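> Quick one, structure for this:
(chains A and B)
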Amino acid sequence: MPMFLTDDQAVLRDTVEPFMAEQAPISHLRALRDSKDATGFARELWAHFAEMGFNGILVDEADGGLGMGHVEAGIVLEEIGRNLTPSPFLSTAVGAVTALKAGSAEQRGHWLPGILAGTTVAALAVDEGAKHRPNHIALMAERDGNGFKLTGNKTFVAHGHVADLVIVAARTAGATHETSGITLFAVEKGAANLTATPERLADSSIASRMAFEGVHVDADAVIGHVDGGWDGLTQMLNAVRTGAASEMLGVGNGAMAMTMGYLKERKQFGKIIGTFQALQHRAAHLYAELEVARAATLKAQQLLDAGDAGAERAVIVAKAMTGYATQLSVQESIQMHGGIGMTDAYDVGLFIKRQRVLGELFGDSDFHANELARLSGY
Amino acid sequence: MSEIETFRAEARAWLIENCPPEMRQPVRSDADICWGGRNPTFSCPEQKLWMDRMAAKGWTVPDWPKAYGGAGLTPAETKALREEMAALNCRNPLASFGISMLGPAMLKFATEEQKVLYLNQIARGEIRWCQGYSEPNSGSDLASLATKCEDKGDHYLINGQKIWTSYADKCDWIFCLVRTNTSSKHEGISFLLFDMKTPGVSTKPILLISGNSPFCETFFDDVKVPKEQLVGTLNKGWDVAKYVLGHEREMISGMGLGVTSVPVSDVALKKIGTEPDGRLDDPVLRARIAQFEVRAAAFRAMSERFIDEVKARRAHPAQPSMMKYYGTELNKARHELLMAAGGSDALEWESAASREGATPRAWLRTKANSIEGGTSEIQLNIVAKHILNLPGA
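Next up is the predicted model:
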């Protein structure tokens, strides 16, 4: 598989690019933010995504989807990133859809139609502390009648307060740091003893702290096998980590594009500031970092789509590298804009906030670099 | 099975059958690199065997046409072959400036007679080429070069000096930039080929900080060059030169970061050891290595992407500058880490145990990576101007 978009993928990009720029530009984010919107995204836009077919990209054709792959999902996510579009696409159309692949036909029949129609929103309840540590899951799921009782806390659950479906990683056996004994559950909205406290984040998106105080779920809420959820969790996380990498690429490249535009128009000392070599070299270095990150991300997507054993490593590299590259991009963008970059009225500041959230989501660059070392045996 | 999968399976079977086990070990020093030439040196008989077998198969230059010593493979087949060689840890059978730099330019600019003659020699590893580009007063500003070339009717007469000529003292022929018109900077350069044994050519190795002398000063005193050894059009050599530079930058970008190089973490584990939980017993170095490995792996993906884009004619013409910049800075970082991992052992300069200071000498050698073939700063200038379209100063 050559490392560039196929003709079909390029056609998809040429559809998504104008769609997002017209339907959900940065002004859309500002409108939601300034109106103190409590949902965290626009439901009409989510339905519009469904009409465009985006929600079914990763859904198998047998389940009514398009049966495409992570490269295609990444095309949508990159434009979401470039336009800073608030959307449950990543958690729902990438995360939950991937998790449900390990589930039963009944579960898919129950959840996928709503996702495909743009009426269902899903959230992923994985993290329990300030840092992503999926191998430290402590939320307990104990046998309870015909099902399980969930007790514990989750945090940093994007869209958790409005989700119709919450994918919960819980412990059914083993000690906190063990990977065996994890079970994935599909928890429905409105379950008794479940509270979601929405918290506004720096980028004005909303993530919830979720308290499970003896939440009963039936046995058919189990996705895959009891105690054997680690593989399903890993697959779901690999999908959303790669997706987050794509979204970050959009953020990083969007910020850079704004900045290059600014370097070509702003004048100081009677000169366009883009003529200064001090800035040119930093811009060229940034370009290189973003290109390398793009390659790493495409590699991860292609290997995930091919079911290649090397995908796990490639995902780690993609999330870590896009973290490095896009963090540099948003920092340099503010610095090169100077004072105007610090103002709320100017869009570049929105990019640094979004990048920070995406960088942290499902493991930051440090987490993934450590994983790479661990996998390599040092 | 699709055609490409059939090719892949056959290539793999052939490599397993024909690549000697010695040639499937990581490259540990310069002696492990095979350069061919009129007076080749081989570290072991298997090195020669491997080069000859690959050359006979056309696989030293798999994507060149068969008439010029290649195998005429498609981009997809070339990629599959490269992937299979990497998977089996097969060494590069022939390192050659002829393959990586001169060849692509010849394919584009040379006459049919020149291609048949020179490219076949390159493919078989018979002639080792060096590059006559930099001059004492023309470094980053390469196009200011002044080596004089006069038209003497039936031949050209060359007078002048080159510097930083890699392996000039070991090479058989040179591809050389000369000044054929002094009234125009860029439109007065020509691209010549000649034998280093031609009377009037002399070389003087330059002792570097590594204690080695991979570069030479090269002097031309009344060197007569037959006119049919001009490549391309007279005074249009800068176009050829830039094309070669693009390929040189590609080549340098990949140095030391290939899959056959020893992982830094292996060296660190061996020298430093582990904590009880198996982690390297130097947490800060471990983190630095991990951060480097993220970038190195990402850059390998970038190299793959770049090659695919070049083969499909989708790459931006200035993209080799980005590759050269990133790859060389990464390789320097790798060697800094190798020095840190090696500790005081990596400081030994002459001992047998250190293979005569292989680690520190290689470390110092890499400092030239971001200078040769155009400095990092020149590459950033090119990216800023041609890719980012930032205005001129």
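> The strand or helix carrying residue B:202 - contacts with which helices or strands?
With elements delineated by DSSP states H and E, residue B:202 resides in strand B:201-206, which encompasses its position. Counting contacts by 3 or more C-beta pairs under 8 Å, 6 or more residues apart in numbering or on different chains; DSSP states H and E, strand B:201-206 packs against strand B:155-166, strand B:215-226. (Each C-beta comes from the backbone N, C-alpha and C, glycine too.)
> in that strand, what's buried?
Buried positions in strand B:201-206, judged by neighbour count with 16 or more other C-beta atoms under 10 Å in any protein chain shown: B:201, B:203, B:205.
> and which of those residues is nearest chain A?
Using C-beta to the nearest C-beta, residue B:205 comes nearest to chain A of the buried residues of strand B:201-206, at 33.5 Å.
> Provide a list of residues in contact with the residue nearest to the closest one when sequence neighbours are not counted.
Closest residue in space to residue B:205, ignoring its immediate chain neighbours: residue B:213 at 3.6 Å, by C-beta to C-beta, 6 or more residues apart in numbering or on different chains. Under the criterion of C-beta atoms under 8 Å, 6 or more residues apart in numbering or on different chains, the contact list for residue B:213 reads B:169, B:205-207.
> shouldn't residue B:341 be in contact with residue B:271?
Yes. Taking contacts as C-beta atoms under 8 Å, residue B:341 lies within contact range of residue B:271: 5.6 Å.
> re the thing from before, and the strand holding residue B:202, which strands flank it?
Under the criterion DSSP bridges, strand B:201-206 sits next to strand B:215-226 (antiparallel) in its sheet.
> Now tell me what touches the next helix or strand after the partner strand from outside.
If you walk from strand B:215-226 toward the C-terminus, the next helix or strand you reach (DSSP H and E) is strand B:230-231. Applying C-beta under 8 Å, 6+ apart, the set of residues contacting strand B:230-231 from outside is B:105-106, B:109-110, B:114, B:156, B:175, B:190-193, B:237, B:240.
> Could I get the full set of helices for chain A?
Counting by DSSP state H, chain A forms helices over residues A:7-23, A:26-34, A:43-52, A:70-82, A:89, A:97-101, A:105-117, A:230-263, A:277-306, A:311-337, A:348-360, A:365-375, given from the N-terminal end onward.
> Most tightly packed of those helices?
Mean neighbour counts were compared across the helices of chain A using mean count of other C-beta atoms under 10 Å in any protein chain shown; the top stretch is helix A:70-82, at a mean of 27.
> Measure how far that one is from the centre of its chain, please.
Per C-alpha atoms, centre = their mean, to the nearest Å, the displacement of helix A:70-82 from the mean C-alpha position of its chain is 10 Å.
> tilt between it and helix A:43-52?
Orientation note: helix A:70-82 sits at an angle of 150 degrees relative to helix A:43-52 (axes from the mean of the first three to the mean of the last three C-alpha atoms, to 10 degrees).
> Spell out which parts of the stretch 1-150 of chain B neighbour chain A.
With C-beta under 8 Å from any C-beta of the partner chain as the criterion, the stretch 1-150 of chain B comes near chain A at residues B:75-76, B:79.
> which residues touch residue 363?
Chain wasn't specified; assuming chain A. Shown here is residue A:363, whose contacts under the criterion C-beta under 8 Å, 6+ apart are A:132, A:237, A:241, A:319, A:371.
> that's the wrong chain, I wanted chain B
Residue B:363 makes contacts with B:335-336, B:338-339, B:346, as judged by C-beta under 8 Å, 6+ apart.
> Is it possible to get a markdown table of those that adds distance to residue A:164?
Converted to a markdown table, the contacts of residue B:363 look like this (distance: C-beta to C-beta, whole Å):
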| residue | distance to residue A:164 |
| --- | --- |
| B:335 | 54 |
| B:336 | 52 |
| B:338 | 53 |
| B:339 | 56 |
| B:346 | 59 |
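> Nearest to chain A, out of those residues: which one, please.
For chain A, the nearest member of the contacts of residue B:363 is residue B:338. The distance, counting by C-beta to the nearest C-beta, is 14.1 Å.
> Give me the distance from the helix or strand containing that closest one to the chain's centre.
Element membership for residue B:338 (DSSP H and E) is helix B:319-342. From the chain centre to the centre of helix B:319-342 is a distance of 15 Å (C-alpha atoms, centre = their mean).
> pLDDT for the contacts of residue B:213 - can I get that in JSON lines?
Formatted as JSON lines, the contacts of residue B:213 follow (pLDDT from 0 to 100):
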{"residue": "B:169", "pLDDT": "95"}
{"residue": "B:205", "pLDDT": "96"}
{"residue": "B:206", "pLDDT": "95"}
{"residue": "B:207", "pLDDT": "95"}
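> closest to residue A:57 among those?
Proximity to residue A:57 was ranked across the contacts of residue B:213 by C-beta to C-beta; first place goes to residue B:206, at 58.2 Å.
> quick one, helices of the stretch 51-200 of chain B?
Taking DSSP state H, counting those that start in this stretch, the helices of the stretch 51-200 of chain B run over residues B:75-87, B:97, B:103-109, B:112-114, B:120-123.
> List the buried residues in the third one.
Same thing as helix B:103-109. B:103-107, B:109.
> out of those residues, who's nearest residue B:387?
Closest to residue B:387, out of all of the buried residues of helix B:103-109 and judged by C-beta to C-beta, is residue B:104, at 21.0 Å.
> unless I'm mixing things up, that closest one is touching residue B:245, no?
No. Taking C-beta under 8 Å as the definition, residue B:104 is not a contact partner of residue B:245, at 11.1 Å.
> which residues are common contacts for those two?
In contact with both residue B:104 and residue B:245: no residue, using C-beta under 8 Å, 6+ apart.
> From the chain's centroid, how far away is the strand holding residue B:202?
Relative to the chain's own centre, strand B:201-206 is displaced by 21 Å; criterion: C-alpha atoms, centre = their mean.
> ok, now stretch B:247-254?
The gap between the average C-alpha position of stretch B:247-254 and the chain average comes to 6 Å, counting by C-alpha atoms, centre = their mean.
> Torsion angles phi and psi at residue B:50?
Backbone geometry at residue B:50, expressed as degrees, to the nearest 10, gives phi -60, psi -40.
> For it, give its distance to residue B:86.
Distance, residue B:50 to residue B:86, by C-beta to C-beta, to the nearest Å: 15 Å.
> can you tell me which residues contact the closest residue to residue B:241 other than its chain neighbours?
Excluding its sequence neighbours, the residue lying closest to residue B:241 (C-beta to C-beta, 6+ apart) is residue B:177, at 5.5 Å. Taking C-beta under 8 Å, 6+ apart, we find residue B:177 in contact with B:132-133, B:142, B:145, B:147, B:189-192, B:237, B:241.
> Run a quick neighbour tally on whatever residue of the stretch 1-150 of chain A ends up closest to chain B.
Of the stretch 1-150 of chain A, the residue with the smallest distance to chain B, taken as C-beta to the nearest C-beta, is residue A:3 at 3.6 Å. Burial of residue A:3 is recorded as 20 neighbouring residues (other C-beta atoms under 10 Å in any protein chain shown).
> Quick check: it touching residue A:297?
No. Look at residue A:3 against residue A:297 with C-beta under 8 Å: they stay out of range, at 10.7 Å.
> which ones are touching the closest residue to residue A:352 other than its chain neighbours?
By the measure of C-beta to C-beta, 6+ apart, the closest residue to residue A:352 outside its immediate chain neighbours is residue A:330, 4.0 Å from it. Remark: with contacts taken as C-beta under 8 Å, 6+ apart, residue A:330 is in contact with A:251-252, A:255, A:348, A:351-352, A:355.
> one more time with 6 Å
Residue A:330 is in contact with A:255, A:351-352, A:355, counting by C-beta atoms under 6 Å, 6 or more residues apart in numbering or on different chains.
> With residue A:296 instead?
With contact taken as C-beta under 6 Å, 6+ apart, residue A:296 is in contact with A:317-318, A:321, B:298, B:301.
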